[in-house]
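Visitor: predicted coordinates and the sequence they were generated for:
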Amino acid sequence: MPEANLSPTARNFEQTIVSRWGTSIGFACLTAIVQYVESKKKEWIKKALSDINQAVSDDKLCVINFSDFHFEFEKKQYDLILFAAYFKLYRSSCDADLRGVIFRNIEWGYIRFENCDFSQCLFDNSVLSSIEFNHCMLYDCVFRFSQLSDVELQDSVLSYARFDKGVIENLTGLNDTTLPVPFRFEKVSYLFLIRAVINEIWQLRRSFKEEDKEDKNVLILPEAPTKKTKNKHTIFKNNDLKDLQSRNTKAMREHIYWYQYVMVRLSTFKKYSRWDNFVFTVELIMTKLWTSVWALLGSILVINLIFGFVYSFFETPIPELLHHPLKALYFSVVTFATLGYGDIHPITRIGEVLVIIEVLFGYISLGMLVYLLSRIVDKKY
């Protein structure tokens, strides 16, 4: 839950949940938890290898519920219940209380967590692959620069979770019960999409040139590998959200489906004709304009600057605006907003055509702006 909605008592309680892992006993418990998971995984692998024909088919995942977990601190034995009682925390609804734990650089796979409370946990730069969360709480959990692949939710809650610039691939089990409130994530930027399209066009152009060189028996040297960088937005792949029907998650669902379609289409850019790629590029730009106020405002600014440039540096459209950039920009804005003061007007056919085109751009853009603002108000109320 956002901190602004918490009372001072609740805020102090939630701070205790997280800060307890920074104490000496908390560090001992965290170390023991990581070792416990690794030991359980090794036991499961050993059991599977001992009887491949039966064990692997019966136990496809390593079941972990922390029922036999314990660790030693200052010559005393603790389990997760006693550890929570040490900080006078109320007991979690799940048997395994892991609230607020911080996992960094872990790689877990083929595990079924049962009845575990991971609320407010931080998975930092971690990889979770082929994981099942069965009757688990992932409330307000943060996945930062982490990759989730083939993760399934079974009667688990993911509300208020945050995915900071990570990868979510084939996340299943999402419905109005497991996700009553949308999780948070980093949206893809407008500039990233434009660069991606330009890069695909450039690669397609280079591939044509390389084919010509190959026909001429010209040696083509491979490019040097580039350094891998962290994601600048949350990446979604092959996620099925058909069971999410709530109005609260509508915007999130639409963005994820749109993002997955765009990424698949970009990856198959070379398979389509030039006309199909042109239509897709226009569609991509217009779709982003329908969903982002800043992208729309930026496009409005660019349109006005382009028309102002044409009016100012070309004599044919409107001669009195030639070499008067500020006056030309003023006329462009007035025309775009369809105000039409009448102090300046075109006197040539080309000028009239340009004004008609800009007016149409203005009607469409202003209509889109009103639509976006109404959506923002609708989300809040």
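Guide: Cool, the structure landed.

Visitor: burial check on Ser19, number of neighbours?
Guide: 12 (other C-beta atoms under 10 Å). All C-beta atoms are positioned from the backbone trio N, CA, C, and that covers glycine.

Visitor: and it, what does it touch?
Guide: Contacts here follow C-beta atoms under 8 Å, 6 or more residues apart in numbering; on that basis Ser19 touches Gly100.

Visitor: you'd agree it is in a helix?
Guide: Yes. Ser19: assigned to a helix according to DSSP: H, G, I helix; E, B strand; the rest coil.

Visitor: gap between it and Gln120?
Guide: When C-beta to C-beta, to the nearest Å is applied, the distance between Ser19 and Gln120 equals 11 Å.

Visitor: which residues do these two both contact?
Guide: Joint contacts of Ser19 and Gln120 (C-beta under 8 Å, 6+ apart) are Gly100.

Visitor: list the buried residues for the particular helix or strand that has Gly351 in it?
Guide: Secondary structure from DSSP states H and E places Gly351 in helix 349-380. Using 16 or more other C-beta atoms under 10 Å as the test for burial, helix 349-380 gives Gly351, Leu354, Val355, Glu358, Phe361, Gly362, Ser365, Met368, Leu372.

Visitor: now it: mean pLDDT?
Guide: Averaging pLDDT along helix 349-380 gives 84.

Visitor: follow-up on the earlier one: show me which of the buried residues of helix 349-380 is closest to Phe143.
Guide: Distances from Phe143 to the buried residues of helix 349-380, taken as C-beta to C-beta, are shortest for Leu372 (28.9 Å).

Visitor: please verify my assumption that the closest one contacts Trp294.
Guide: No. With contacts counted by C-beta atoms under 8 Å, Leu372 stays clear of Trp294, the gap being 9.9 Å.

Visitor: state the pLDDT value of the residue positioned nearest the centre of the chain.
Guide: Centroid check for the chain by C-alpha atoms, centre = their mean gives Thr234 as the closest residue, at 2.6 Å. On the pLDDT scale, Thr234 is placed at 92.

Visitor: and for Asn12?
Guide: pLDDT, Asn12: 48.

Visitor: quick one: residues contacting Glu200.
Guide: Counted by C-beta under 8 Å, 6+ apart, Glu200 has contacts Leu266, Phe269, Lys270, Asn277.

Visitor: check Tyr259 too.
Guide: Val188, Phe236.

Visitor: ok, now with 10 Å
Guide: Phe185, Lys187, Val188, Leu193, His233, Thr234, Ile235, Phe236, Lys237, Asn239 (C-beta atoms under 10 Å, 6 or more residues apart in numbering).

Visitor: so Val63 is in contact with Ile131, correct?
Guide: No. The pair Val63 and Ile131 fails to qualify as a contact (C-beta atoms under 10 Å) at a distance of 11.9 Å.

Visitor: okay, and the common contacts of these two?
Guide: Common neighbours of Val63 and Ile131 (C-beta under 10 Å, 6+ apart) are Ile111, Arg112, Phe113.

Visitor: how is this protein divided into domains?
Guide: 3-185, 188-218+246-290, 292-381 (automatic domain parsing).

Visitor: where does the stretch 151-300 of the chain have low pLDDT?
Guide: 207-230, 288-291 (pLDDT under 70).

Visitor: and the strands in it?
Guide: Along the stretch 151-300 of the chain, counting by DSSP state E, counting those that start in this stretch, strands occupy 162-164, 167-169, 184-185, 235-237.

Visitor: ok, which of those comes nearest Leu153?
Guide: Judging those by C-beta to C-beta, what sits closest to Leu153 is strand 167-169, at 12.1 Å.

Visitor: wait, what's in contact with the closest residue to the residue nearest to the centre of the chain other than its chain neighbours?
Guide: The shortest distance from Thr234 to any non-neighbouring residue, by C-beta to C-beta, 6 or more residues apart in numbering, is to Phe185 (3.8 Å). The contact partners of Phe185, taken as C-beta under 10 Å, 6+ apart, are 143, 161-166, 168, 233-236, 252, 255-256, 259.

Visitor: what's the PyMOL line that selects buried ones from those residues?
Guide: In PyMOL, a selection of the buried entries from the contacts of Phe185 looks like this (16+ other C-beta under 10 Å):
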select buried, resi 143+161+162+163+164+165+166+168+233+234+235+236+252+255+256+259
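
Visitor: residues contacting stretch 280-293, please?
Guide: 187-190, 193-194, 196-198, 200-201, 251, 254-255, 258, 261-262, 265-266, 269, 272, 294-300, 364-365, 368-369, 371-373, 375-376.
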